[in-house]
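In: No sequence on hand, only this structure:
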């Protein structure tokens, strides 16, 4: 079956990885990249255990798959960023992150103030606060 990843974590489609389809857990038996597709993340052909024919695969079409959390202290998770207060290196609260925008270079935090902050400037997240260290003048662009 064709799977489009919404992540750069290709281990999500490696053998023995588990994905949840909203009802049941599926286990990856094998996978391979689909060559020639444009886009930020890879597209894959994935064989799941128990999905052995075309009819079974077609019955799963359009399902959104999710995975178990990955224990990675350096990872930024959208659910931790959205709703957090964004605080700059000087301790100034710059607003609340209302969305994380998908962008080819880097994802971008969208703040309730209208400011946009590339995630490469995020230095950490904890307890509802996202700390950023941005170049001088970034927050002056809308002022």
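Out: Alright, I've got the coordinates. All figures in this text were calculated on a predicted structure; none of them were measured in a lab.

In: ranges for the strands of the chain?
Out: Taking DSSP state E, the strands of the chain run over residues 2-4, 18-20, 25-33, 43-48, 66-67, 85-87, 93-101, 108-111, 116-118, 122-126, 129-132.

In: Just put these in CSV and tack on mean pLDDT and distance to residue 79.
Out: From N, CA and C alone the C-beta is placed, and that goes for glycine too. Listed next are those as CSV, based on pLDDT from 0 to 100; distance: least, C-beta to C-beta, whole Å:
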stretch, mean pLDDT, distance to residue 79
strand 2-4, 86, 20
strand 18-20, 94, 16
strand 25-33, 94, 20
strand 43-48, 91, 24
strand 66-67, 90, 12
strand 85-87, 97, 15
strand 93-101, 96, 10
strand 108-111, 96, 13
strand 116-118, 95, 17
strand 122-126, 93, 11
strand 129-132, 96, 12
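
In: what mean pLDDT does the biggest helix by length in the chain have?
Out: When the chain is parsed with DSSP state H, its longest helix is helix 54-59. Per-residue pLDDT over helix 54-59 has a mean of 90.

In: can you list contacts of that helix?
Out: Residues outside helix 54-59 that contact it (C-beta atoms under 8 Å, 6 or more residues apart in numbering) are 1, 50-51.

In: Which among the residues you listed count as buried?
Out: Neighbour counting with 16 or more other C-beta atoms under 10 Å marks 1, 51 as buried within the contacts of helix 54-59.

In: looking at the strands of the chain, which is buried most?
Out: Ranked by mean neighbour count, the strands of the chain are led by strand 108-111 with a mean of 21 (mean count of other C-beta atoms under 10 Å).

In: Could you break this protein into its assigned domains?
Out: The record's domain split for the chain, according to automatic domain parsing, is 2-67, 78-140.
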